[in-house]
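Trainee: This is a predicted model, with the sequence first.
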Amino acid sequence: MPSRRAIVPRPLPGIEAWVTRRILLAGLLLALSLPAPQATTAQSAAAARPLPRLRVSDNHRFLVTEKDDPFFWLGDTAWEIFHRLDREGAERYLQNRAKLGFTVVQAVALAEFDGLHTPNAYGATPLHSDDPTQPNEAYFTHVDWIVRRANALGLYVGFLPTWGDKWNIKRGAGPEIFNANNAEQYGAWLGRRYKDDGVIWILGGDRPVETDAQRGILAAMARGLKAGDGGAHLITLHPSGGQGSASWVHDEPWLDFNMRQNGHGAEFTGRYDQLGGDEVLEGRGDLLLVAVVRHHEDGRRAAGDHAGEGYSVQANLMEKDTVWPAMAKAYEASRGDLAERLLAALEGAESQGGDIRGRQSAAILVVKGVSSGRPWQDRLFDLRVEDHPSPVVELRRLVTLQRAYNLMNEGDLAVEKKDDAGALKAYSSAEALVPDNAEMAYWHAVALVNMGRVDEALPVFAKAFRLHPKWRDLTPRLPKAGLLPDDPKLIARIVAVKE
């Protein structure tokens with residue numbers, strides 16, 4: 001739904017299932033710039049047991065812990081937290097995200113918004129003389145506190161060593177300060193410093209890789225990180241909007257899994273379609289279901305999420321805070337296939353008031369659990385209601401109609417295989433789902449005629465003609481197309497039929 005409600009199952013076949021050879025981390029990577037509260041505190045990060053190490057599963061389809069437990073990446077983009085927030089503000093933010101069930105917060109050390117020259121909440125800048133080989137201990141002591149406090153609350157930190165304008169300015173404040181030599185030294189220093197913490201290294205920083213020199217900087221920083229932490233932490237790359245890391249670094253030895261940024265645009269459908277693009281066509285058919293979202297901790301609430309067995313629901317800009325619990329309850333209580341359960345979740349949200357802005361649109365996308373390499377064939381349901389007074393009601397109607405067409409397709413395949421009984425069962429089931437649909441009745445009748453069961457077909461033709469008379473006009477054209485026998489008397493009999 002272009003609204004703020006979504007449900008992302010894991011690791012079942014489901015909504016927005018995206019593919020690549022290693023792992024594709026997909027979602028809406030939305031930069032979040034947090035204002036710095038005025039007050040500061042001298043809280044100390046509580047000592048906590050280390051978070052489990054993460055790795056890519058043996059089949060290259062999931063993230064798992066060192067004990068092979070599944071790990072679901074539900075992340076929030078807090079890019080500027082190191083740079084803008086004091087400890088009191090960071091504590092409030094991290095407590096909230098932990099309570100909401102997030103598993104990752106994503107933050108950058110050398111921040112996007114004049115991160116080299118505007119000091120943090122305690123007056124420190126990250127580097128001396130803009131030199132990556134001279135990090136400022138005062139600045140990184142604050143980073144240490146946030147990383148360890150996040151870990152103590154069960155949150156991994158998706159840690160960007162730098163925003164992309166420091167190695168490819170393209171846009172932003174910059175300046176470009178990295179070369180291969182200092183990038184490797186900086187990476188090694190970070191790797192040693194956070195070797196024992198719960199971090200996931202994210203290189204890149206919303207910029208494309210356009211030159212060999214830029215590629216070399218990223219590779220050098222990755223080498224440094226791995227040398228510093230001994231390979232303890234996963235490494236990926238945060239690409240620019242509408243792109244995936246596979247476009248630039250898929251075959252780099254340092255890359256553990258791919259990441260994709262759908263961007264900040266209001267319309268994401270085209271970006272979602274790209275997720276089944278090049279990676280699929282090249283035969284990279286591994287699967288990971290993830291969600292990367294953000295919620296607002298301000299007047300735009302209510303917002304929240306709930307993670308259950310095999311699924312997660314998220315909501316933002318809701319009328320009240322009972323919406324996402326109702327979604328979860330409806331999803332768990334429903335029966336049927338995935339599309340039915342997703343509809344139940346949306347209806348559960350509506351029952352609690354839904355989006356505070358009202359009703360307008362709804363969408364559902366369900367794909368096969370195993371990619372065929374042909375994304376156009378793998379979409380079981382790909383439906384959207386762009387503008388409607390009751391979009392979820394209309395979406396349910398469309399899902400039912402899609403089921404009927406799926407059954408009609410099954411019937412057509414059965415006819416090709418000379419399985420008349422199977423074909424008629426499928427056609428009858430389709431017609432029963434949408435009894436007022438003239439097309440379902442019409443093609444059911446055509447199939448009966450081609451099986452030699454004319455007397456059974458005539459009342460079905462009569463129903464189709466009553467529902468939409470133009471089907472009667474179409475009928476004489478079908479013999480030339482080979483869809484009905486070339487028998488003028490038979491065609492006349494069909495056209496003349498009445499209920």
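Mentor: Okay, I see it.
Trainee: Endpoints of stretch 316-331, how far apart?
Mentor: 18 Å (Cα to Cα, to the nearest Å).
Trainee: ok, and for that stretch, which residues are buried?
Mentor: 316-319, 322-331 (16 or more other Cβ atoms under 10 Å). Just so you know, the C-beta spots here come from the backbone N, C-alpha and C atoms, and that holds for glycine as well.
Trainee: Pop out the phi and psi values for the closest residue to L51 other than its chain neighbours.
Mentor: Spatial nearest neighbour of L51, chain neighbours left out: G198 (3.4 Å); criterion: Cβ to Cβ, 6 or more residues apart in numbering. Backbone geometry at G198, expressed as degrees, to the nearest 10, gives phi -90, psi 80.
Trainee: What count of nearby residues applies to G198?
Mentor: 23 (other Cβ atoms under 10 Å).
Trainee: quick one: secondary structure of the nearest residue to R171 once chain neighbours are set aside?
Mentor: Sequence neighbours aside, D165 is the residue nearest to R171 in space, at 6.9 Å (criterion: Cβ to Cβ, 6+ apart). Secondary structure assignment for D165 (DSSP: H, G, I helix; E, B strand; the rest coil): helix.
Trainee: so who does D165 touch?
Mentor: E112, R171, G172, A173, G174, E176, G205, R207 (Cβ atoms under 8 Å, 6 or more residues apart in numbering).
Trainee: separation between it and H238?
Mentor: Here D165 is placed at a distance of 13 Å from H238 (Cβ to Cβ, to the nearest Å).
Trainee: shared neighbours, these two?
Mentor: G205.
Trainee: now the strands for the stretch 51-200 of the chain?
Mentor: 54-56, 63-65, 70-71, 74-77, 104-110, 156-162, 199-204 (DSSP state E, counting those that start in this stretch).
Trainee: Mean neighbour count, distance to V497 and mean pLDDT for those - can I get that in JSON lines?
Mentor: Formatted as JSON lines, the strands of the stretch 51-200 of the chain follow (neighbours: other Cβ atoms under 10 Å; distance: least, Cβ to Cβ, whole Å; pLDDT from 0 to 100):
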{"stretch": "strand 54-56", "mean neighbour count": "18", "distance to V497": "63", "mean pLDDT": "93"}
{"stretch": "strand 63-65", "mean neighbour count": "17", "distance to V497": "61", "mean pLDDT": "91"}
{"stretch": "strand 70-71", "mean neighbour count": "16", "distance to V497": "59", "mean pLDDT": "89"}
{"stretch": "strand 74-77", "mean neighbour count": "24", "distance to V497": "58", "mean pLDDT": "90"}
{"stretch": "strand 104-110", "mean neighbour count": "25", "distance to V497": "64", "mean pLDDT": "96"}
{"stretch": "strand 156-162", "mean neighbour count": "26", "distance to V497": "66", "mean pLDDT": "97"}
{"stretch": "strand 199-204", "mean neighbour count": "26", "distance to V497": "66", "mean pLDDT": "96"}
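Trainee: Helix, strand, or coil at L395?
Mentor: Going by three-state DSSP: L395 is helix.
Trainee: I'd assumed L383 was in contact with it.
Mentor: Yes: using Cβ atoms under 8 Å, L395 is in contact with L383, at 6.4 Å.
Trainee: more crowded one of the two?
Mentor: Taking other Cβ under 10 Å, L395 and L383 do not tie; L395 has more neighbours (25 against 19).
Trainee: Quick one: residues contacting that one.
Mentor: Per Cβ under 8 Å, 6+ apart, neighbours of L395: L343, L346, A362, A363, I364, L383, R384, V385.
Trainee: Distance of the third one relative to V399?
Mentor: As for A362, its distance to V399 is 10 Å (criterion: Cβ to Cβ).
Trainee: Give the residue from these two that has the larger number of neighbours.
Mentor: Taking neighbours as other Cβ under 10 Å, A362 and V399 compare with A362 leading, 25 against 19.
Trainee: that older thread, and the contacts of L395, which of them are in strands?
Mentor: Judged by DSSP state E, those include A362, A363, I364, L383, R384, V385 as members of strands.
Trainee: beta partners for the first one?
Mentor: This points to A362. Here A362 sits in beta bridges with V385, going by DSSP bridges.
Trainee: from what I can see it touches V385, true?
Mentor: Yes: counting by Cβ under 8 Å, A362 does reach V385; the two are 4.8 Å apart.
Trainee: Need the overlap of contacts for the two.
Mentor: The contact lists of A362 and V385 share P391, E394, L395, where a contact means Cβ under 8 Å, 6+ apart.
Trainee: quick one: contacts for the second one?
Mentor: Counting by Cβ under 8 Å, 6+ apart, E394 makes contact with A362, V385, H388.
Trainee: Also Y194?
Mentor: With Cβ under 8 Å, 6+ apart, Y194 has these contacts: V147, F159, D229, H233.
Trainee: With T65 instead?
Mentor: P52, R53, L54, R55, F71.
Trainee: Identify the residue nearest A138 in space, chain neighbours excluded?
Mentor: Using Cβ to Cβ, 6+ apart, the closest residue to A138 is A124 (4.0 Å).
Trainee: That neighbour: neighbour count?
Mentor: 15.
Trainee: try the one 10 residues further on
Mentor: Here the count is done by other Cβ under 10 Å, and Q134 has 14 residues near it.
Trainee: cool, and D131?
Mentor: D131: 12 neighbours (other Cβ under 10 Å).
Trainee: Report the separation between the closest residue to A111 other than its chain neighbours and H117.
Mentor: Leaving out its chain neighbours, the residue that sits closest to A111 by Cβ to Cβ, 6+ apart is H83, at 3.8 Å. Using Cβ to Cβ, we find H83 at a distance of 11 Å from H117.
Trainee: neighbour count winner among the two?
Mentor: Set side by side, H83 and H117 show unequal neighbour counts under other Cβ under 10 Å, the larger going to H83 at 29 against 11.
Trainee: Surely the more buried one is in contact with Y122?
Mentor: No: the pair H83 / Y122 is not scored as a contact, 11.0 Å apart, by Cβ under 8 Å.
Trainee: Among the contacts of D165, give me the pair with the biggest separation.
Mentor: E112 and E176 (13.9 Å; Cβ to Cβ).
Trainee: So the two - more neighbours on which side?
Mentor: E112 (21 against 15).
Trainee: between the shared contacts of A362 and V385, which is closest to W79?
Mentor: P391 (32.6 Å).
Trainee: State the distance from the closest residue to the closest one other than its chain neighbours to E332.
Mentor: Using Cβ to Cβ, 6+ apart and skipping the chain neighbours, the partner closest in space to P391 is A362 (3.8 Å). A362 is 21 Å from E332, where distance means Cβ to Cβ.
Trainee: now swap in P479 and tell me
Mentor: 53 Å.
Trainee: before we move on, the earlier item: now do the shared contacts for L395 and L383.
Mentor: Common neighbours of L395 and L383 are listed as A363, I364 (criterion: Cβ under 8 Å, 6+ apart).
Trainee: Check I364 and give its pLDDT.
Mentor: For I364, the model assigns a pLDDT of 90.
Trainee: what's around it, how many residues?
Mentor: Around I364 there are 25 residues (other Cβ under 10 Å).
Trainee: wouldn't it be in contact with A345 here?
Mentor: No: counting by Cβ under 8 Å, I364 stays clear of A345, with 10.2 Å between them.
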